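Colleague: let's see this in three dimensions:
(chains A, B and C, ligands or ions: 3)
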Amino acid sequence: MVERCDVAVIGAGPAGLAAARTAAGHGARVLLLDAQPRCGGQVWRHDVAHRAPHAARSAIRAVGGKVDWRPHHQVVAADGRRLLAETPEGAVAIEAAHVVLATGARELLLPFPGWTLPGVTGAGGLQALAKQGWPLAGKRVLVAGSGPLLLAAAATLRRHGAEVLGIHEQASAARVAAFAAQLWRWPARALQAARLRAALTGVPYRCGSFVRRAFGTTQLEGVELHDAHGTRQIACDHLAVGYGLVPNIELAALLGCALDHDTVHPRVQADELLRTSVPGVLAAGEAVGVAGLAAARIEGALAGHVAGGNEAAARALRPARVRARRFAALLARQFALDPRLRALADAGTIVCRCEDVPLAALDGCVDARSARLVARCGMGACQGRICGAALAELGRFPRGGLRRPPLFPARLATLAAFLQPTIPEIEP
Amino acid sequence: MNGYDLIVVGAGIVGACCADEAAAAGLRVAIVEPATVGGGATACAMGHLVAMDDDPAELALARLSLQAWEAFSELPEAEFSRCGTLWVAASADEAAGIAARVARINASGGEAHALDAQQLREVEPALAPDLCAGMLAPREAVVYPPRMAQHLVRRACARGAALHRRAVQRLGRGGAVLDDGSVLRGPVLVATGCALPRLLPQLPLRPRKGHLVITDRYPGQLRHQVLELGYADSAHGSDGSSVAFNVQPRPTGQVLVGSSREFDVDDAAVSPPMLARMLQRAFRFMPALRELQAIRAWTGFRPATPDGRPYLGAVPGHADLWVAAGHEGLGVTTAPGSARLLLDLILGRTPAIDPAPYAPSRVLP
Amino acid sequence: MTAHASVRLQVDGQPVEVPEGASVAAAVARVAPTRFRDSVHGAPRAPLCGMGVCFECRVRIDGRVQLRACMVPVREGMQVDTHG
Ligand SMILES: Cc1cc2nc3c(=O)[nH]c(=O)nc-3n(C[C@H](O)[C@H](O)[C@H](O)COP(=O)(O)OP(=O)(O)OC[C@H]3O[C@@H](n4cnc5c(N)ncnc54)[C@H](O)[C@@H]3O)c2cc1C
Ligand SMILES: Cc1cc2nc3c(=O)[nH]c(=O)nc-3n(C[C@H](O)[C@H](O)[C@H](O)COP(=O)(O)OP(=O)(O)OC[C@H]3O[C@@H](n4cnc5c(N)ncnc54)[C@H](O)[C@@H]3O)c2cc1C
Ligand code: FES
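Modeller: Ligands and ions are numbered 1, 2, ... in the order given. Coordinates of the predicted model:
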């Protein structure tokens, strides 16, 4: 079965929600798809124990009834402009005059000794798990890595009953202070930061500090921290560690959209009206470069206007978009990674967690393909999303093989759904 | 200084086997390969070591090769797994042909048994319940071709071969001219797979695209490499595109699903409709495949000659110029036998099998 | 905290009760938080990304293997099995 619509929005985070609502406001028939069971994306992820913030509730309410919302639809393949989504009930093919890619970002997770121990998660990762109901009451959690997401994650974890031992930001105190000094330019950001700080009273925030190693036998028992004063060990139940975000560009790449490769982690290339290099395909939010919630919402609306046929309204949002995007540059500058983080993994540290490939096995590999062929690195179920981004960040080689279906592991039956069954009968 | 007894151009599985065989025979060998060793068609293959009985010449070459593969059955790099080949009949005609095929394979020195419906289900429970006849070749195996090619090149180098990380630009000047302008002198063996026409345009060869999909790990799901008996019709049949049921249990517990064949497509991108067609064919024979999670799909190009047999031997009209290319969908299987035959011819030994069916001169006026 | 209904399911044969809307990962966390699956070399693994990209949280749900626990909401009566 093929479903046809005017606008298909992939991703129901802040960008996708805004795009869907805006396009629908112009009278377009809109399909909004997300692999997750609930809308909201990362920042507005549904929390089983706490009410969503006001902005999230109103954004979600705004699409109600006006947009055909499809949870549990993971886009796994595309043929030309026909998208194929996998759902628990089977495959759905979608054809749309406009596609808005609002696929967001994932966390950058870097390998270090002990990072495969159960109890070590991403920072946004543990935040997401907590919102889904992972029990944290009374657990000792150390938050580490880089960027403002650490504060948001720590606040969520504390709200879920965790004892947050500290937040360890790798950027220097001077860099973090320079960042804070600029925040007044983005009042919503400044307000958010103030709220987070209030929610985190009593939790130490250390700059220039990073986790060198996690230890434990069958699960995490503690970590080794390093800062200007030297190295020390801290016992904990969870380590929530993330080094910023990586745009999800895989679907864009599969559709043939050009990518910007000027940074280590590619972004979807889009013009001032968020049109990608493929006619009819737009991109918005973190997929075009990590810039946070405000930019995602504005870009979603902008793309929604373009997809809905109102270019004038789209153009009117450009100044706001430019302002919000400046925040991305500030983020990238002030939270640039300390080069020592790229040297934490030793020869025996697993880099490809799916296939258990240690860093030493990659000696002599010149690109992602040879790493797959020689060492099985990147051949597993995550399709190189974790190790590929990490190895690119470590300066080994860029990610490869982006343009192939399935985008995520998918049932063979789903991939077979691109054709109606036409198999000749087999004589008994 | 740069005079060699043999310059092997291309280090896919075929070039790697030839270089290894030549180095073992004491020749001074150069290997010329600009890309990843074993990174061409060799890296895309299923790695099924199989004797196809529909062409006696192909069968003789496969038999010679399968014997040679036995030497690698314990080698870690080969990832050799003796899963056997199970052929299943999709029609009464195919079922009726089984007895003759079993006889041909046994007569060639291989081992095969006919299976009835009940035996089929016992040896491979996931097969569709209405399939009623098959043939089992229990000694056949699967390997991991790119690592094998790399192992053979390393072994050849340990015996003195020199690996040149360059492409051959053209043949001539008593050897091969590399793309940096330097010249290697000595007899040349061209083993460049699908790239053959660039160096030897007189030998017709067409790339034949194929698709494969691999799943997550499902240990115990599949025991044998399973193909439909009609596979040979797809492999050796007409010019049109075709699909055939062909699945393989990887030693990891993953399931590798094939196969498709298409001429005149130069885009290496995975084609979702072709993938779908191939998978639907596979579900007809093994419905349980539907539920497995695919984690990757890829394509490769088989080097196909007009008659389906490889070119193995001297290139007519040129002194000291040899070719080993055009193995279509069987080059992993037949690489060691090809190498043996080539070296027999180059060194003037009595050929292990009749070389005539593979002589490049067959396609020239 | 808001009041919420709960869902009962089984993880490795043990009864578990979690809030409605929770993920299977949250249910497994109450029984086997440190071993969702075994790595290919047999090491214990548990969720990493929480958002469906790392595949470290794969479990068997109602007989279907290799499913991401963090992407599937709990349902009454579900049978979940870890490592294998
Ligand atoms: C784990 C995590 C936690 C975060 N927490 C916060 C926070 O607390 N505060 C904050 O300010 N910022 C947070 N961020 C930053 C966040 O990315 C942005 O603030 C904001 O959510 C970006 O909105 P977006 O719409 O661009 O993308 P997202 O919110 O990331 O939404 C993208 C959506 O697309 C879906 N998707 C992607 N690919 C496909 C596909 N192929 N098929 C179907 N659906 C698909 C995803 O499931 C996702 O729901 C977090 C980021 C991450 C990765
Ligand atoms: C999808 C698929 C499945 C298959 N499954 C099987 C199977 O199960 N069993 C089986 O037996 N066979 C199988 N095959 C067939 C097998 O892969 C090929 O027959 C075999 O790999 C051919 O090997 P080759 O060395 O001739 O070519 P290649 O592996 O392509 O090697 C040629 C090499 O030459 C190099 N080269 C090219 N031009 C130059 C130049 N000018 N100078 C220097 N070097 C050059 C290339 O870089 C390349 O490395 C399959 C093929 C495909 C596509
Ligand atoms: S925790 Fe990463 S996919 Fe579920």
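Colleague: how far does stretch A:304-319 sit from its chain's centre?
Modeller: Relative to its parent chain, stretch A:304-319 has a centroid offset of 25 Å by CA atoms, centre = their mean, to the nearest Å.
Colleague: now the end-to-end length of that stretch.
Modeller: Stretch A:304-319 has its terminal residues 16 Å apart, counting by CA to CA, to the nearest Å.
Colleague: does it reach ligand 1?
Modeller: No - under the criterion of CB under 6 Å from any ligand atom, stretch A:304-319 makes no contact with ligand 1; the nearest approach is 12.2 Å. Every C-beta, even on glycine, is put in place using the N, C-alpha and C of the backbone.
Colleague: which single residue of chain C ends up nearest ligand 1?
Modeller: Of all residues in chain C, residue C:51 sits closest to ligand 1, with a separation of 5.2 Å (CB to the nearest ligand atom).
Colleague: OK, contacts around that residue?
Modeller: A:42, A:106, A:107, A:124, A:125, A:128, C:70 (CB atoms under 8 Å, 6 or more residues apart in numbering or on different chains).
Colleague: any idea which of these is closest to ligand 3?
Modeller: residue C:70 (3.2 Å).
Colleague: can I assume the closest one is in contact with residue C:27?
Modeller: No - if you go by CB atoms under 8 Å, residue C:70 and residue C:27 don't touch, sitting 11.1 Å apart.
Colleague: state the distance from the residue in the stretch 151-300 of chain B that chain C sits nearest to to ligand 2.
Modeller: Nearest residue of the stretch 151-300 of chain B to chain C, counting by CB to the nearest CB: residue B:216, 4.7 Å away. Computed as CB to the nearest ligand atom, to the nearest Å, the residue B:216 to ligand 2 distance reads 20 Å.
Colleague: same check on residue C:25?
Modeller: Residue C:25 is 37 Å from ligand 2, by CB to the nearest ligand atom.
Colleague: for residue B:193, see how far away that residue is.
Modeller: 47 Å (CB to CB, to the nearest Å).
Colleague: repeat for residue B:179
Modeller: Counting by CB to CB, the gap from residue B:179 to residue B:193 is 18 Å.
Colleague: hmm, back to that, helix, strand or coil for the residue of the stretch 151-300 of chain B closest to chain C?
Modeller: At residue B:216 the chain is in strand, as set by DSSP: H, G, I helix; E, B strand; the rest coil.
Colleague: what is the burial count for it?
Modeller: Neighbour count of residue B:216, defined by other CB atoms under 10 Å in any protein chain shown: 20.
Colleague: do the same with the one 5 residues further on
Modeller: Using other CB under 10 Å as the criterion, residue B:221 is surrounded by 20 other residues.
Colleague: pretty sure it belongs to a helix, no?
Modeller: No - Residue B:221: not assigned to a helix; according to three-state DSSP it is coil.
Colleague: skipping adjacent residues, who's closest to it in space?
Modeller: The shortest distance from residue B:221 to any non-neighbouring residue, by CB to CB, 6 or more residues apart in numbering or on different chains, is to residue B:255 (6.0 Å).
Colleague: and what of residue A:290?
Modeller: Nearest one to residue A:290, counting by CB to CB, 6+ apart, is residue A:245 at 4.5 Å.
Colleague: show me what contacts the one you found?
Modeller: A:105, A:106, A:107, A:108, A:124, A:147, A:149, A:286, A:290.
Colleague: okay, the fifth one: pLDDT?
Modeller: Read that as residue A:124. On pLDDT, residue A:124 comes in at 98.
Colleague: what residues are up against it?
Modeller: A:42, A:107, A:149, A:152, A:153, A:242, A:245, C:50, C:51.
Colleague: wait, which of those residues is closest to ligand 3?
Modeller: Nearest to ligand 3 among these, with distances taken as CB to the nearest ligand atom, is residue C:50, at 5.1 Å.
Colleague: can you tell me the SS state at that closest one?
Modeller: Applying three-state DSSP: residue C:50 is coil.
Colleague: excluding sequence neighbours, find me the nearest residue to it.
Modeller: residue A:128 (3.3 Å).
Colleague: next secondary structure after the host helix or strand of that neighbour?
Modeller: In this structure, residue A:128 is located in helix A:123-131 according to DSSP states H and E. The helix or strand immediately downstream of helix A:123-131 is strand A:140-145, counting by DSSP H and E.
Colleague: list the buried residues for that next one?
Modeller: A:140, A:141, A:142, A:143, A:144, A:145 (16 or more other CB atoms under 10 Å in any protein chain shown).
Colleague: helices and strands around it, which ones?
Modeller: The elements that strand A:140-145 packs onto, with contact taken as 3 or more CB pairs under 8 Å, 6 or more residues apart in numbering or on different chains; DSSP states H and E, are helix A:123-131, helix A:149-159, strand A:163-169, strand A:210-215, strand A:222-227, strand A:238-242.
Colleague: what about it and ligand 1, any contact?
Modeller: No - using CB under 6 Å from any ligand atom, strand A:140-145 stays clear of ligand 1, coming no nearer than 11.7 Å.
Colleague: can you list contacts of that strand?
Modeller: Against strand A:140-145 from outside (CB under 8 Å, 6+ apart): A:123, A:126, A:150, A:153-154, A:157, A:162-170, A:209-211, A:223, A:225, A:234-244.
Colleague: list buried residues within the residues you listed.
Modeller: A:123, A:126, A:150, A:153-154, A:157, A:162, A:164-170, A:209-211, A:223, A:225, A:236-244.
Colleague: so which of the contacts of residue A:124 comes closest to chain B?
Modeller: Checking the contacts of residue A:124 one by one against chain B (CB to the nearest CB), the nearest turns out to be residue C:51, at 18.2 Å.
Colleague: which parts of chain A belong to which domain?
Modeller: A:2-106+A:246-332, A:119-243, A:346-393 (automatic domain parsing).
Colleague: in the stretch 201-350 of chain A, what residue lies closest to ligand 2?
Modeller: Nearest to ligand 2 in the stretch 201-350 of chain A, going by CB to the nearest ligand atom, is residue A:254, at a distance of 20.6 Å.
Colleague: chain C too?
Modeller: At 23.4 Å from ligand 2, residue C:40 is the closest residue in chain C, using CB to the nearest ligand atom.
Colleague: burial count for the closest residue in space to that residue that isn't next to it in sequence?
Modeller: Spatially, and ignoring its direct neighbours in sequence, residue C:40 is nearest to residue A:356 (4.9 Å; CB to CB, 6+ apart). For residue A:356, the neighbour count with other CB under 10 Å is 19.
Colleague: one more: residue B:182?
Modeller: If you count neighbours by other CB under 10 Å, residue B:182 ends up with 12.
Colleague: okay, it: pLDDT?
Modeller: pLDDT at residue B:182 comes out at 95.
Colleague: can you check residue B:162 too?
Modeller: Residue B:162 is given a pLDDT of 98.
Colleague: my guess is it contacts residue B:32, does it?
Modeller: No - when contacts are counted by CB under 8 Å, residue B:162 is not listed as touching residue B:32 (9.4 Å).
Colleague: neighbour count: these two, which is higher?
Modeller: More crowded of residue B:162 and residue B:32, by other CB under 10 Å: residue B:32, with 26 against 15.
Colleague: which helix runs longest in chain A?
Modeller: For chain A, the longest helix by residue count, based on DSSP state H, is helix A:318-334.
Colleague: what pairs with the helix or strand just after that one, parallel or antiparallel?
Modeller: Counting by DSSP H and E, the next helix or strand C-terminal to helix A:318-334 is strand A:350-352. For strand A:350-352, the paired strands and their directions (DSSP bridges) read strand A:357-358 (antiparallel).
Colleague: show me what the helix or strand following the strand it pairs with is packed up against.
Modeller: Helices and strands here follow DSSP H and E; after strand A:357-358, the next one along the chain is helix A:368-375. Contact here means 3+ CB pairs under 8 Å, 6+ apart; on that basis helix A:368-375 packs against helix A:385-393, helix B:145-158.
Colleague: helix A:368-375 and ligand 2 in contact?
Modeller: No - judged by CB under 6 Å from any ligand atom, helix A:368-375 stays clear of ligand 2, getting no closer than 11.5 Å.
Colleague: which part of the stretch 101-250 of chain B gets nearest to ligand 3, residue-wise?
Modeller: Closest point on the stretch 101-250 of chain B to ligand 3, by CB to the nearest ligand atom, is residue B:216, at 13.1 Å.
Colleague: okay then, goodbye and thanks.
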